[in-house]
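Novice: Just to be clear, the model below is a prediction. Sequence and coordinates:
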Amino acid sequence: MKNKIIYLVLLTFAAVNSYAQVGKKEVKGNKEYDKYAYIDAIKTYERIYEKGFKSPDMLLKIGNAYYFNAELEKAKKWYDELYASNPDQEAEFYYRYAQTLRAAKDYEKADAMMAKFGEKSGNDSREEIFNKNKNYLEVIKKNSGRYKIENAGINSKYSDYGPAYMGDKVIFTSARDTGNFSKRIHTWTGQYFTNLYSSALSEDGSLSGVDKFGKKINTKYHEDTPAFTKDGKTVYFTRNNYLDGRGFDANKVTLLKIYRANLDAEGKWINITALPFNSDSYQAAHPALSPDEKTLYFASDMPGTHGLSDLFRVKINDDGSFGTPENLGNTINTEGRETYPFISDDNELYFASDGQPGLGGLDIFVTRIPSDNGKFKAPLNIGEEGNSPKDDFGFIINTKTKRGFLSSNRDGGQGSDDIYKFLETKAIFCDQILFGVVTDEDTKAPIPNAKLVLMDEKFNKIKETVSDAQGKYEFTEVECGKKYYVNTSVEDYETKEPAVIIGSETGKTELNIELKTKTCRVKIGDDLADCFKINIIYFDLDKWNIRPDAAVDLAKLLDVLNQNPSMKINIRSHTDSRASHAYNKKLSERRAKSTKDWLVKNGIAADRLTSEGLGETELVNKCADGVPCSEEDHQLNRRSEFIITTL
């Protein structure tokens, strides 16, 4: 039964192409189809099909009739025949066909149908989402195996779904036979109209006993999907907009509205009132409250909807009035169906969608509600066992006990929809914190008040913070497995922008950052090459002339000496161990003098510079006489140093 409630918006169907040989029976089926009396339509169409009468339009309508009743495998049979007879169909056909193929676990052909859907649909967000998530089955597999699921023990042979917490009870929706003398049958599903029922909730998550709930709330038409305040004194719920013979839209279709009621001192529900943003022109259903009970989430096809039904939220003011409904945006909503929202105490938004990549039919997804009212992040499919190839929806969870309930028409149930209890054994979100200490590269002392800007791999700014008195910093809610850059700056230090890849499991990732001072602190005896990152001045074998690459580094040294006119330095040149000691001594002296002459030529007073050649007496490695070494190892010994003698 839930399909009338869950799908919310009914498509406007194409005009009927009647075939003369089909006659009145197909016309009757079309009328029933257009009234959304899908069970009767199926019977009529299938009877004339068995007699050999069929048309492409009829095949499509039988398939759609099963599709809208969430019997996806039966819908696939008719879509198969239609596609075999004519592969050229309207865009939406390919999307529905893909859903039925997923239900049959034919994912390869389903993906092929999604490709055709993309070719036909033009600018449809479902195509964009599919193209961005072509590895969706791998993602679903990664998220799977997190739920231990069992039958909730309160199901009937009819449709049971849409549970909600009310203290130590669970209130749910059912189309079960209540034994009333007058029984109203819904022609869409062939089941009784739904009412709300109550079952006792035990500490281990079990349900026991079923009683009808709220005499004033239940009517002879549909009620479903309640949401209660924590004190149990206010309820929001969905109801057919057909009371006292009124409530049709312009197409004579009964729509859905959200109502609110209060519990009086005697335990009776009073002040049953339709919410002000309802309309006779569109549907609103499936209310859900935020943890602080200041925001109501719901599903609707009101103006501004992206697809067949979208998720909205509206502020609940302190006086009980409401703000303006706000669409949750295209990260959540698609041209398909988004419905059945639920907000956990951890501010996680769970909902059902057939527009996001899933296993078939409606799948359950989850995302976090941004604390700053910013943009939602892409939702995650909760995986199997939470989802199945059929419709899965109506998810609720107690985040403290990790126990909850969901609704599904998966194989093995008792009715068309059943309620399942579950235990969540592993969280879906990977929670990582990026942390570290900012220190001075030379002294290792912590640097307070450093500004740190977290950027994504495209260098877009995400958030920023400042290091504390101990130089410590922290970024919370960073994404697992993602690459970030941390732009780090503070006065008198060079800015640094190290990259970091966050760990793939829940935990912390450490990134310590060392900054180099812009004004190098030096003392007599220090080597300017170390302080100012001046590369060692290398010489070619048996040469003492200044190489072009060395001139670049000497220009840096020249600038340091010009900026510090009292500074004096001793230029020390070295050779490798090849040739005799006497020869290397003279060679190193010529190299030191060559370096000194270059600096004097470029404006440094000669009395600020001394030079000496040390030959091969201070090798930096093992490459002494007779020791075999590579040319690269010998090159390390052919060098010059710049030792400060006066400041």
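Specialist: Okay, I see it.
Novice: buried sites along stretch 409-421?
Specialist: N409, R410, G413, G415, S416, D417, D418, I419, Y420, K421 (16 or more other Cβ atoms under 10 Å). C-beta here means a position set from N, CA and C on the backbone, and glycine is covered the same way.
Novice: swap in stretch 64-77?
Specialist: 64-72, 74-77.
Novice: now these in a markdown table, with pLDDT, distance to F130 and secondary structure?
Specialist: Shown next, in a markdown table, are the buried residues of stretch 64-77 (pLDDT from 0 to 100; distance: Cβ to Cβ, whole Å; DSSP: H, G, I helix; E, B strand; the rest coil):
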| residue | pLDDT | distance to F130 | secondary structure |
| --- | --- | --- | --- |
| N64 | 86 | 21 | helix |
| A65 | 81 | 26 | helix |
| Y66 | 84 | 23 | helix |
| Y67 | 84 | 19 | helix |
| F68 | 78 | 22 | helix |
| N69 | 75 | 25 | coil |
| A70 | 74 | 21 | coil |
| E71 | 81 | 24 | coil |
| L72 | 85 | 18 | helix |
| K74 | 88 | 24 | helix |
| A75 | 90 | 20 | helix |
| K76 | 91 | 19 | helix |
| K77 | 91 | 24 | helix |
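Novice: Pick the one among these closest to T100.
Specialist: For the buried residues of stretch 64-77, the residue nearest T100 by Cβ to Cβ is K76; the value is 3.7 Å.
Novice: pLDDT of stretch 597-606, averaged?
Specialist: Mean per-residue pLDDT for stretch 597-606: 91.
Novice: all strands in the stretch 451-600 of the chain, in order from the N-terminus.
Specialist: 451-455, 461-466, 472-478, 483-489, 499-501, 507-510, 513-515, 568-573 (DSSP state E, counting those that start in this stretch).
Novice: helices or strands next to the first one in the packing?
Specialist: When contacts are defined as 3 or more Cβ pairs under 8 Å, 6 or more residues apart in numbering; DSSP states H and E, strand 451-455 packs onto strand 461-466, strand 472-478, strand 483-489.
Novice: returning to what we had before: quick one, which of the strands of the stretch 451-600 of the chain gets closest to S290.
Specialist: Of all these, strand 472-478 comes closest under Cβ to Cβ, at 18.7 Å.
Novice: which one of the buried residues of stretch 409-421 is nearest G386?
Specialist: Y420 (9.3 Å).
Novice: Please report how far that closest one lies from A70.
Specialist: Counting by Cβ to Cβ, to the nearest Å, the gap from Y420 to A70 is 16 Å.
Novice: ditto for N409
Specialist: Distance from N409 to A70, by Cβ to Cβ: 5 Å.
Novice: What of D346?
Specialist: For D346, the distance to A70 - Cβ to Cβ - is 30 Å.
Novice: Now do the buried residues in stretch 575-591.
Specialist: Going by neighbour count (16+ other Cβ under 10 Å), the buried part of stretch 575-591 is 575-579, 584-591.
Novice: Might you list the low-confidence residue ranges for the stretch 501-647 of the chain?
Specialist: For the stretch 501-647 of the chain, residues meeting the criterion pLDDT under 70 lie at 532-550.
Novice: that older thread, and the buried residues of stretch 64-77, which is closest to P291?
Specialist: For those, the nearest to P291 is A70 (30.8 Å; Cβ to Cβ).
Novice: just checking, that closest one touches G361?
Specialist: Yes - if you go by Cβ atoms under 8 Å, A70 and G361 touch, sitting 6.1 Å apart.
Novice: Quickly list what's touching both of the two.
Specialist: K390, D391, N409 (Cβ atoms under 8 Å, 6 or more residues apart in numbering).
Novice: I'd say the last one and S416 touch.
Specialist: It refers to N409. Yes - counting by Cβ under 8 Å, S416 is a contact partner of N409 at 5.6 Å.
Novice: which neighbours do those two share?
Specialist: A70.
Novice: looking at the helices and strands packed on strand 451-455, which is closest to G145?
Specialist: The nearest among the helices and strands packed on strand 451-455, by Cβ to Cβ, is strand 472-478 at 24.7 Å.
Novice: Who are the contact partners of the residue nearest the centre of the chain?
Specialist: Centroid-nearest residue in the chain: A378, 3.0 Å away (criterion: Cα atoms, centre = their mean). Counting by Cβ under 8 Å, 6+ apart, A378 makes contact with T331, T367.
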